[in-house]
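Engineer: Quick one: sequence and predicted model below, then my questions.
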Protein chains: 4
Amino acid sequence: MQLGLIGLGKMGGNMAERLRRGGHEVVGYDRAPGKRDVDSLEALIGALSAPRVVWVMVPAGEPTRATVKELAGLLEPGDVIVDGGNSRYTDDQVHDVMCREKGIGYVDAGVSGGVWGLENGYALMVGGTKDDVAKVQPVFDALKPPSPTDEAGQAVPGAGFVHAGPVGAGHFSKMVHNGIEYALMQAYGEGYELLAAVDLIEDVPGVVKSWTQGTVIRSWLLDLLVRALDEDPALERIRGYAEDSGEGRWTVEQAIENSVPMPTIAASLFARFSSRQDDSPTMKAVAALRNQFGGHAVRGIQAEEVERPA
Amino acid sequence: MQLGLIGLGKMGGNMAERLRRGGHEVVGYDRAPGKRDVDSLEALIGALSAPRVVWVMVPAGEPTRATVKELAGLLEPGDVIVDGGNSRYTDDQVHDVMCREKGIGYVDAGVSGGVWGLENGYALMVGGTKDDVAKVQPVFDALKPPSPTDEAGQAVPGAGFVHAGPVGAGHFSKMVHNGIEYALMQAYGEGYELLAAVDLIEDVPGVVKSWTQGTVIRSWLLDLLVRALDEDPALERIRGYAEDSGEGRWTVEQAIENSVPMPTIAASLFARFSSRQDDSPTMKAVAALRNQFGGHAVRGIQAEEVERPA
Amino acid sequence: MQLGLIGLGKMGGNMAERLRRGGHEVVGYDRAPGKRDVDSLEALIGALSAPRVVWVMVPAGEPTRATVKELAGLLEPGDVIVDGGNSRYTDDQVHDVMCREKGIGYVDAGVSGGVWGLENGYALMVGGTKDDVAKVQPVFDALKPPSPTDEAGQAVPGAGFVHAGPVGAGHFSKMVHNGIEYALMQAYGEGYELLAAVDLIEDVPGVVKSWTQGTVIRSWLLDLLVRALDEDPALERIRGYAEDSGEGRWTVEQAIENSVPMPTIAASLFARFSSRQDDSPTMKAVAALRNQFGGHAVRGIQAEEVERPA
Amino acid sequence: MQLGLIGLGKMGGNMAERLRRGGHEVVGYDRAPGKRDVDSLEALIGALSAPRVVWVMVPAGEPTRATVKELAGLLEPGDVIVDGGNSRYTDDQVHDVMCREKGIGYVDAGVSGGVWGLENGYALMVGGTKDDVAKVQPVFDALKPPSPTDEAGQAVPGAGFVHAGPVGAGHFSKMVHNGIEYALMQAYGEGYELLAAVDLIEDVPGVVKSWTQGTVIRSWLLDLLVRALDEDPALERIRGYAEDSGEGRWTVEQAIENSVPMPTIAASLFARFSSRQDDSPTMKAVAALRNQFGGHAVRGIQAEEVERPA
């Protein structure tokens, strides 16, 4: 089928390539002139036959909001906009109302797969009406990974694609995916740190590598940790500093809103915050309190001699 | 090679089977007469040519300690005992001293793989001297999973087996593996709960299944969660009650001993403790405090009218 | 001075009483006819000389928002509205803009003290411009607790009252106060639970009581815990179920927005969420995963015989 | 009564002073010659009439264990040893067995109060038999703070002293006290950090000070935080680095042994561990994983262009 694709960065560009390999016609537009097929949104729309499907693949937040708004002013009833970025699901709900008023369909798609997606396929979590999703389905089918087969060689449906619910459900699912990701990474990190902390373990990378086959904790993230340790066995060339994109924060906020206890994902988020602090105001206060225990008069005496601050 | 194997339960029995398929001679002993090849430890030892390798595969704790002690009294210098159970690594260190005094080698092996191990192989994390491990290596090679191959078809060494360090290092590595496992399970659980808490997600099992292909969080545990949801889509037939074996506790204790921050694994352990409480004494105290806010005189008035307990 | 007071529930009624004891003239209004001095907001405003100060003491959220909006339509430039409820600080900022447009001043006041406030005074955390706060200061002075004296008998300023910053700063400070409160309560609860869990401690209430004098952890909350244990030594008559008002959630949300690690306050909030669940979906998932370890074929076998789920 | 006191550091010296003010006869011994009354343990014992009470006030661990052992070899049946240090309760249980064999009584006393104890009294949590505790009671009465009085002017018993149970119960109670202390300090620290993180709060020390009167969270620790902020309003002269003595670790270990969920105390302990790390191995692993998301080929590209690591 025909698809308009806005945003031809690494992610959008690879997706265009995968779609073309799958036999689809992609008309691409980007702010930057380099790889684009058309020079404006108007030209993009003009190049597509109605009913059109236009996929937005630009950074979440203001860039996506501006693009969707502009598109909604240009498209016709029956057309469909797909937001494939990392938008917050509440943005989708605003976009959906705006599009519905004009008879335009709206679909949100959480996309996972990174640079491996071009070859391996992209996992897709999708929200929207049944009709709107159906209009995009051939594109989803081309993007998603091939279905795995079971022991009997039968294709197992459902891996790599889901229509999760109405508009917003796709990005909500991707948000939760990313929240889980935080805690998985933190869990492997904590285990790695304990291994590295004891003299008893003489081959820390070897232990991590041994876990990748036959164990309960084997995973793709564990494979990545093995790769990282292959390159830098004691992680000496990397700082323990981790940014966070919005999804982890949003996940915990949603947990709070829905009264869901979420200790490990929240702890993982907080560990990232801590990793970016030169010094911790909280621990300054704790240290100050411990100092106060000794009292002015005794500043500098041996802690052991008075009641030790605990 | 020849191996004496003590403990022919599901795990030991399957291991014996896999070893025999691999061409090894296994002499098995079990307290229960059913499947054993010999009727006593003495007979087991008599059936093996020196230097002997005897693998202990009985429950951790007292049963393992008693068996190792008895074996150490019967074996000869140059023989090797392997503890393949879930022992605490400090038990290994005691056993090692006891064995060394008699010239007997000692190797600890953390084994992962469960009922899938018979067909897929068992991941092995091993501690001991180089010489002792070498005596058991053919057995390890037969038990471990086949090496995976890289994209060029080359076998990738190191997956599924590691000689992690001196005695204790094997069980220590397995202990950390299990600690990580707690946090991974908790992380998936928290994500599942948030999905299930919102009306927006109409197909919770579908979302979980979609994650198994092409995503960052795909793993064997996630595959198991899909299986569980296939059988019971809203987990209605299962209670949120989780036992814990010792390894999670030991992992956090080791973290404390080594000053390693371990928030997600500890939180996962505490979540299991909570899951087994009919009522929480901590929360009784919190509730009692909130009641006290209102004071005796105002017991029963609308919380909203006075300062709301926060 | 003269004060209009809207909301004569337990909290507002006690505050009116304390203000009158302090020599101030209070004109009170409430939806319920019982104790009110005037029968409408219009009458309230008519009874006050300009510039007026009108204190809103009704439930946070919609009731407060509606009242402030109505007042802003009735008052004159130079008058001041005080919101003394538990509003979210972002509400204050909206109210402030609305009032400024009409030349009306706006002050937010976080009030602590509950039923003890009538006799002991109310702690006040206040936000607004210097001029607006000055107009209300005599009321604040009458409401707040008497200043404590230092060892030399000098009054110590600053305890029980603060002008924390511009509009919103008062409720923000009260919000953080309540967040801290959650973690303090949880901390005492955890300690209590550990004491109660071991046979070694024969007099749990006695231990808690001993802490109230001379220790590092003595506090007003600890005194309340002693009172609760006096009434019910094993807390048998109370369930471990704790509601939460919004402030704890808002505190964690603000922490997330400001990249502040907040592990204990978040953990305390999650403990309350857990306390209200009949069963935990997270732990259902964990339990389901542990069941899957055993595999279909071996359902029902002894866990000890296969690899124990950790 | 007569008391032998071993250890005349700041804590022991102050306790001797308070006991003498209370009319008791204290014979003091210290390794250092300066302030001691006798020059050896033998001389100390010789200076006391049977039945003797000897109080050990030396650092916990090996120094206390050595002193108790030596004393047990010198004292006579009917004498009583008191360990007033910060020993682990399991040490007490070993000491108790050793003493019982010789007919010597043993009492463990957790002591709180620091440098303020001389004037204000020391809170005491005591373990031992009824008879042994009775022999020491006059000393406990002189050390403990004066009883507070209730609103009617009646002395309230139980504040500042408890006989918590058999040997070990005193130090166990003090251990839990210190565990709670960790979480209280962390809670105040987290609240402080959030206040300090937002521009909205213009007077952070003022807010903290306002909380000391009339609020739910007022406490002695909060008073100490006010003192610290008086001296250094932005805590600029202090690093966020906090040691920990053993009690916090022991508290969490006991929680684990007794299956008690303890999220806030454990989180507080982990925050201290983190505060002492130059870099976090856990977060190195997390950062390494995030780097791997981009893959070898794309190292250095804009994160936004590919799937952003979450």
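Structural biologist: Received it, and whenever you're ready, just let me know what you need.
Engineer: Give the ranges of residues in the stretch 201-310 of chain A that sit below the confidence cut-off.
Structural biologist: A:294-310 (pLDDT under 70).
Engineer: let's go with 80 and repeat that
Structural biologist: Scanning the stretch 201-310 of chain A with the threshold set as pLDDT under 80 gives A:293-310.
Engineer: Point out the residues in it that sit beside chain B.
Structural biologist: Contact residues (CB under 8 Å from any CB of the partner chain) of the stretch 201-310 of chain A with chain B: A:201-203, A:206-207, A:209-222, A:251, A:254-255, A:258-265, A:267-268, A:270-271. Heads up, the C-betas are built off the backbone N, CA and C, glycines and all.
Engineer: mind redoing it with 7 Å?
Structural biologist: Applying CB under 7 Å from any CB of the partner chain, one finds that the stretch 201-310 of chain A approaches chain B through A:201-203, A:206-207, A:209-221, A:251, A:254-255, A:258, A:260, A:262-265, A:267-268, A:271.
Engineer: Mark which of these are buried, thanks.
Structural biologist: Among those, those scoring as buried are A:201, A:203, A:206-207, A:209-221, A:251, A:254-255, A:260, A:262-265, A:267-268, A:271 (criterion: 16 or more other CB atoms under 10 Å in any protein chain shown).
Engineer: Quick check: can you name the pairing partners of the strand or helix carrying A:G28 and their directions?
Structural biologist: Assessed by DSSP states H and E, A:G28 sits inside strand A:25-29. Strand A:25-29 sits in its sheet next to strand A:2-6 (parallel), going by DSSP bridges.
Engineer: Could you check the partner strand and say which residues are buried?
Structural biologist: Judged by neighbour count (16+ other CB under 10 Å), strand A:2-6 contains these buried residues: A:L3, A:G4, A:L5, A:I6.
Engineer: ok, so of those residues, who is nearest chain C?
Structural biologist: Nearest to chain C out of those is A:I6 (CB to the nearest CB; 30.1 Å).
Engineer: how about the closest one, what does it touch?
Structural biologist: Taking CB atoms under 7 Å, 6 or more residues apart in numbering or on different chains, we find A:I6 in contact with A:Y29, A:V54, A:W55, A:V56, A:M57, A:V58, A:T67.
Engineer: any idea of the mean pLDDT for the helix or strand containing the last one?
Structural biologist: Pointing back at A:T67 there. Element membership of A:T67 [criterion: DSSP H and E] is helix A:62-74. The average pLDDT within helix A:62-74 is 97.
Engineer: thinking again about what came up before, just after the strand holding A:G28, pick out the following helix or strand.
Structural biologist: Going down the chain from strand A:25-29, the next helix or strand is helix A:41-46, by DSSP H and E.
Engineer: Name the SS class of A:A164, please.
Structural biologist: strand (DSSP: H, G, I helix; E, B strand; the rest coil).
Engineer: Against chain C, how distant is it?
Structural biologist: Counting by CB to the nearest CB, to the nearest Å, the separation of A:A164 from chain C is 17 Å.
Engineer: swap in A:R36?
Structural biologist: 37 Å.
Engineer: Shouldn't A:A109 be within a strand?
Structural biologist: Yes: counting by three-state DSSP, A:A109 is part of a strand.
Engineer: Which helix runs longest in chain A?
Structural biologist: Using DSSP state H to define each element, chain A has its longest helix at helix A:169-197.
Engineer: Can you list the helices and strands that the next helix or strand after it packs against?
Structural biologist: Moving toward the C-terminus from helix A:169-197, the next helix or strand (DSSP H and E) is helix A:204-210. Judged by 3 or more CB pairs under 7 Å, 6 or more residues apart in numbering or on different chains; DSSP states H and E, helix A:204-210 is in contact with helix A:169-197, helix A:220-231, strand B:123-127, strand B:161-165.
Engineer: average pLDDT across the first one?
Structural biologist: Averaged across helix A:169-197, the pLDDT comes to 98.
Engineer: Could you check it against chain D for contacts?
Structural biologist: Yes: on the criterion CB under 7 Å from any CB, helix A:169-197 is in touch with chain D at A:N178, A:E181, A:Y182, A:M185, A:Q186, A:Y188, A:G189, A:E190, A:Y192, A:E193, A:A196.
Engineer: Determine the number of other residues adjacent to the first one.
Structural biologist: Residues within reach of A:N178, counting by other CB atoms under 10 Å in any protein chain shown, total 28.
Engineer: Distance check, it against D:N291.
Structural biologist: Look at A:N178 and D:N291: by CB to CB, to the nearest Å, they are 17 Å apart.
Engineer: now the third one
Structural biologist: Remark: distance between A:Y182 and D:N291 (CB to CB) = 16 Å.
Engineer: so who does A:D91 touch?
Structural biologist: Applying CB under 7 Å, 6+ apart, the residues near A:D91 are A:R65.
Engineer: Just the buried residues of the helix or strand harbouring it, please?
Structural biologist: If you go by DSSP H and E, A:D91 is part of helix A:89-101. For helix A:89-101, a neighbour-count test (16+ other CB under 10 Å) marks A:Y89, A:D91, A:D92, A:Q93, A:V94, A:H95, A:D96, A:M98, A:C99 as buried.
Engineer: Find the centremost residue of chain A, please.
Structural biologist: A:N178 (4.8 Å; CA atoms, centre = their mean).
Engineer: circling back: turn the buried residues of strand A:2-6 into TSV, including pLDDT and distance to B:I238.
Structural biologist: As requested, those are exported to TSV (pLDDT from 0 to 100; distance: CB to CB, whole Å):
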residue	pLDDT	distance to B:I238
A:L3	98	43
A:G4	98	46
A:L5	98	44
A:I6	98	45
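Engineer: Show me which of those residues is closest to C:L44.
Structural biologist: Among those, A:I6 lies closest to C:L44 (CB to CB), at 57.3 Å.
Engineer: Now do that closest one against A:V38, distance only.
Structural biologist: Plainly put, A:I6 is 10 Å away from A:V38 if you go by CB to CB.
Engineer: Check A:R249 too.
Structural biologist: 36 Å.
Engineer: higher neighbour count, the two?
Structural biologist: When A:R249 and A:V38 are compared for neighbours, A:R249 comes out ahead with 22 against 17, by other CB under 10 Å.
Engineer: Remind me which helix or strand the more buried one belongs to.
Structural biologist: Using DSSP H and E, A:R249 falls in helix A:246-257.
Engineer: what's the helix or strand that that helix is followed by packed up against?
Structural biologist: For helix A:246-257, the succeeding helix or strand toward the C-terminus, using DSSP H and E, is helix A:263-275. When contacts are defined as 3+ CB pairs under 7 Å, 6+ apart, helix A:263-275 packs onto helix A:169-197, helix A:246-257, helix B:169-197, helix B:263-275, helix C:263-275, helix D:281-293.
Engineer: How about residues contacting helix A:263-275?
Structural biologist: Contacting residues not belonging to helix A:263-275 are listed as A:179, A:182-183, A:186, A:240-242, A:244, A:248-249, A:251-252, A:280, B:183, B:186-187, B:190, B:263-264, B:267-268, B:271, C:259-263, C:266-267, C:270, D:263, D:274, D:280, D:282-283 [CB under 7 Å, 6+ apart].
Engineer: Return that helix as PDB; C-alpha atoms alone will do.
Structural biologist: Backbone C-alpha positions of helix A:263-275 (Å, rounded to 0.1, in the frame of the first residue of the first chain) are rendered in PDB as follows:
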ATOM      1  CA  PRO A 263       8.700  -0.300  44.100                       C
ATOM      2  CA  THR A 264      11.200  -1.700  41.700                       C
ATOM      3  CA  ILE A 265      10.400   0.600  38.800                       C
ATOM      4  CA  ALA A 266      10.400   3.600  41.000                       C
ATOM      5  CA  ALA A 267      13.600   2.600  42.700                       C
ATOM      6  CA  SER A 268      15.200   2.300  39.200                       C
ATOM      7  CA  LEU A 269      14.000   5.700  38.300                       C
ATOM      8  CA  PHE A 270      15.400   7.200  41.500                       C
ATOM      9  CA  ALA A 271      18.700   5.400  40.900                       C
ATOM     10  CA  ARG A 272      19.000   7.300  37.600                       C
ATOM     11  CA  PHE A 273      18.300  10.600  39.300                       C
ATOM     12  CA  SER A 274      21.000   9.800  41.900                       C
ATOM     13  CA  SER A 275      23.500   8.900  39.200                       C
END
